[in-house]
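Participant: Need a 3D model of the sequence below.
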Amino acid sequence: MEQLPRSFCWTKMGAESGEQLQLIIRRKEWERSLGNGLFFWGIGQSLGGNADLAMRGGEALKVLFSPMISKAKAIDSTPDETVVWTAYVDTYGEEHPLPEHALVTSRATLPSGRRKESHYALVCRSPISLATTGQLSVDPNSICNFATNKPLGASQVTAIVRNNRDRQATAGKVYPVSFSAELVQPCFIRLSSPRLLSSAEKAMLARAVENGAERTWRDVVTSIRRIATKPRARTPKNFDLFETLC
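Facilitator: Alright, predicted model coming up:
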């Protein structure tokens, strides 16, 4: 019987940017296929140095995806505005376009009403489709933050965690794992250069995911990315972090 890894990245997923979870997973599967296994999963929090710390022993770090149990907040399920993130910032502070097959969106504002200025993405690889496995589940009371050994906070949606296999399961909430992947360097990235999507673009994206297929999705992503202004990078033109991963 498959068991949870000793340490892993755990992220809870739900409706985002006005898009239902099952549709997000569908387009991420297309993204994975178009990227030779590589896909980017948007998250709202930085992982700091925890991923590198967990991988220090040389072992691969899995990321497990679980659907949220609670209902999505209105600001996520029906946001007033949505942005597409067009670039990422590397460890040297240089800005680069995201790979052409990638599309990461988020709501445009924070709960306070201020513009959302930061967003992140897990850098994931999976050789198989993002199909529901149904074999694993995560008990939040049996895991802790990797770096601090403290319990996960209520607001932590994504975290690098330790699995305490010796701790007895509780009668509280247990989260099924829908699918898993492997985190690949740089594990996560800080996104930049958000661009507001027009109503027509949001409608086009919705139609493409609901009624389209992988071949038409490629054209939609290309169209959206073509509109976006590509950032200038001062690093050499032949340098592309993700070309080494694909």
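Participant: tell me which element the residue nearest to the spatial centre of the chain falls in.
Facilitator: Here the mean C-alpha position of the chain is nearest to the C-alpha of W41 (CA atoms, centre = their mean), at a distance of 1.7 Å. In this assignment (DSSP states H and E), W41 forms part of strand 38-43.
Participant: And K28, by the same measure?
Facilitator: If you go by DSSP H and E, K28 is part of helix 21-34.
Participant: hmm, who's touching that helix?
Facilitator: Counting by CB atoms under 8 Å, 6 or more residues apart in numbering, the neighbours of helix 21-34 from elsewhere in the structure are 13-16, 38-41, 67, 101-103, 124, 126, 129-130, 178-179, 206, 208-210, 214, 217-218, 221. Yep, even glycine has a C-beta here, placed from its N, CA and C like the rest.
Participant: Hey, what's the angle from that helix to strand 38-43? Just curious.
Facilitator: Between the axes of helix 21-34 and strand 38-43, defined by axes from the mean of the first three to the mean of the last three CA atoms, to 10 degrees, the angle is 150 degrees.
Participant: Span of stretch 89-104 from start to end?
Facilitator: The first residue of stretch 89-104 is 14 Å away from its last residue (CA to CA, to the nearest Å).
Participant: and that stretch, what's its mean pLDDT?
Facilitator: Computed over stretch 89-104, the mean pLDDT rounds to 94.
Participant: Select the longest strand from the protein.
Facilitator: As assigned by DSSP state E, the longest strand anywhere in the chain is strand 179-196.
Participant: that older thread, what's the next secondary structure element after the strand holding W41?
Facilitator: Scanning forward in sequence from strand 38-43, with DSSP H and E defining helices and strands, the next element found is helix 50-54.
Participant: Would you mind listing the buried residues in that following helix?
Facilitator: Of all the residues in helix 50-54, those buried under the rule 16 or more other CB atoms under 10 Å are 50-51, 54.
Participant: Now do it: everything it contacts.
Facilitator: Contact with helix 50-54 is made by 7, 9, 61, 145-147, 159-160, 183, 187-188, as judged by CB under 8 Å, 6+ apart.
Participant: of those residues, closest to E94?
Facilitator: Compare each of these with E94 using CB to CB and the shortest gap goes to F188, at 16.7 Å.
Participant: I'd like the distance between the closest one and I224.
Facilitator: Here the distance between F188 and I224 works out to 22 Å (CB to CB, to the nearest Å).
Participant: of these two, who's got more company?
Facilitator: More crowded of F188 and I224, by other CB atoms under 10 Å: F188, with 26 against 19.
Participant: Show me the beta-bridge partners of the more buried one.
Facilitator: Beta bridges link F188 to L122, judged by DSSP bridges.
Participant: cool, and S106?
Facilitator: Each beta-bridge partner of S106 is listed here: V83, as defined by DSSP bridges.
Participant: count of residues packed around it?
Facilitator: In terms of burial, S106 registers 23 neighbours under the definition other CB under 10 Å.
Participant: That's all I had, so thanks and see you.
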